[in-house]
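# missing the sequence, but the structure's below:
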């Protein structure tokens, strides 16, 4: 769901473009950044449009600012200005010791801030990534591919077993946030581990840059953004591409979704009847607004902040289809257009999965606080009667399927770690069936 502390503290708000030209957006963005880093939140809010100001109270800015202050003093990069309609989306990279945060604002023609958020651009693990023992580099090769051919085409990597095919194939679908093709989270590269581990076991794996990472500025200007543009459309394109690869058996193409990708896996399968099966890793069942509140409770957010989030969540739950032209709504750190919230409203992945006939493997880390064992039990309750659905949970694993001890917290993600070998083994065995 929210795959790391950066996604909990800093998440994208996607707002509508407005007409005419923007005067000196880079300078406006730098002024906003200086106010933010200087903790002059009241002055910063004076730069907001009324809609953004209403959705980002000063107390919330203080909370986000506290998270940034805890990272230390950043090195401030040059503004990157991207036209989105007649607005300008400006991203200023902030390089801290272990993470790079993008300070992103949408500047409208009058120089006001019509969109404001922070997102993790990359992380710098204390120890560089090293291959896990289950990765056998002599047993596979990799090549670059492109998912899609239009304005949203995405660079990807195909990991292909050595030897004579055709092999089964699997597409990896990211969790929330602007993920790279490796699904890099702190000290872990979840999808790189999966790709090399599964290719070492005779499975072709396709992974790709997420659209919200590859085209972050352009995506920020979409007026009616939904999960289709964020996740499902590219997953469908990736599965179609995988079937065309000469090493792949087109009748044995599977889809693996992690977190949000797991939540959306039933939707993707509903739209692609050719999929041979689904692997769901920590697929959330809760509504997004509920997950934000429960994760904030787990992390010890102040009672006043939690009450603000509950009030915000109530507005989301009260949305009706006729509200599509309303301003974006925020719950905690997450701001999104009404279209996004409406697309998710009432969606129950377990109910949809129950209507599907494809085999499924549903995996869960028991130490995961972002997608909980309660949600895993909801998957089991809905699908346990199905003979072609398998469930596995792992006592020591967290949301990234990396082993650890004690209560899982965001700081754990910054430590180097690998997807547990038993997860690779269970997926490989499932696909082999």
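Ah, there it is. Every value quoted in this text rests on a predicted model; they were computed, and no experiment measured them. Residues are numbered from 1 along each chain as shown.
# what about residue 171, which SS state?
strand (DSSP: H, G, I helix; E, B strand; the rest coil).
# Neighbours of it, how many?
As a burial measure, residue 171 scores 30 neighbours (other CB atoms under 10 Å). Yep, even glycine has a C-beta here, placed from its N, CA and C like the rest.
# what's the answer for the one 5 residues further on, then?
A count of neighbours around residue 176, defined by other CB under 10 Å, yields 27.
# would you say it is within a strand?
No. Residue 176 is assigned coil when assessed by three-state DSSP, not a strand.
# Show the contacting residues for the closest residue to it other than its chain neighbours.
For residue 176, ignoring the flanking residues on the chain, the nearest one in space by CB to CB, 6 or more residues apart in numbering is residue 260 at 4.4 Å. Counting by CB atoms under 8 Å, 6 or more residues apart in numbering, residue 260 makes contact with 1, 174, 175, 176, 227, 230, 231, 284.
# which regions of the stretch 51-200 of the chain lie under the pLDDT threshold?
84-85, 120-127 (pLDDT under 70).
# For residue 203, state which of the contacts of residue 260 is nearest.
For the contacts of residue 260, the residue nearest residue 203 by CB to CB is residue 174; the value is 18.5 Å.
# Could you measure from the residue nearest to residue 176 over to residue 225?
From residue 260 across to residue 225, the span is 14 Å (CB to CB, to the nearest Å).
# Residue 191 too?
23 Å.
# and the two? which has more neighbours close in?
Between residue 191 and residue 225, residue 191 has the larger neighbour count (other CB under 10 Å), namely 27 against 23.
# Apart from its neighbours in sequence, what residue is nearest that one?
Here the nearest residue to residue 191 in space, its sequence neighbours aside, is residue 183; by CB to CB, 6+ apart that works out to 4.0 Å.
# Could I get the contacting residues of that neighbour?
Contact analysis of residue 183 by CB under 8 Å, 6+ apart lists 3, 172, 174, 175, 189, 190, 191, 192, 207, 258.
# Same question for residue 293.
By CB under 8 Å, 6+ apart, residue 293 lies in contact with 306, 309, 310, 313, 331, 332.
# of those residues, buried ones?
Neighbour-count burial (16 or more other CB atoms under 10 Å) is assigned, among these, to 306, 309, 313, 331, 332.
# Please, which helix or strand holds the first one?
Read that as residue 306. helix 303-317 (DSSP states H and E).
# Give me the distance from the helix or strand that comes right after that helix to the chain's centre.
Next helix or strand after helix 303-317 toward the C-terminus (DSSP H and E): strand 329-331. The gap between where strand 329-331 is centred and where its chain is centred comes out at 17 Å by CA atoms, centre = their mean, to the nearest Å.
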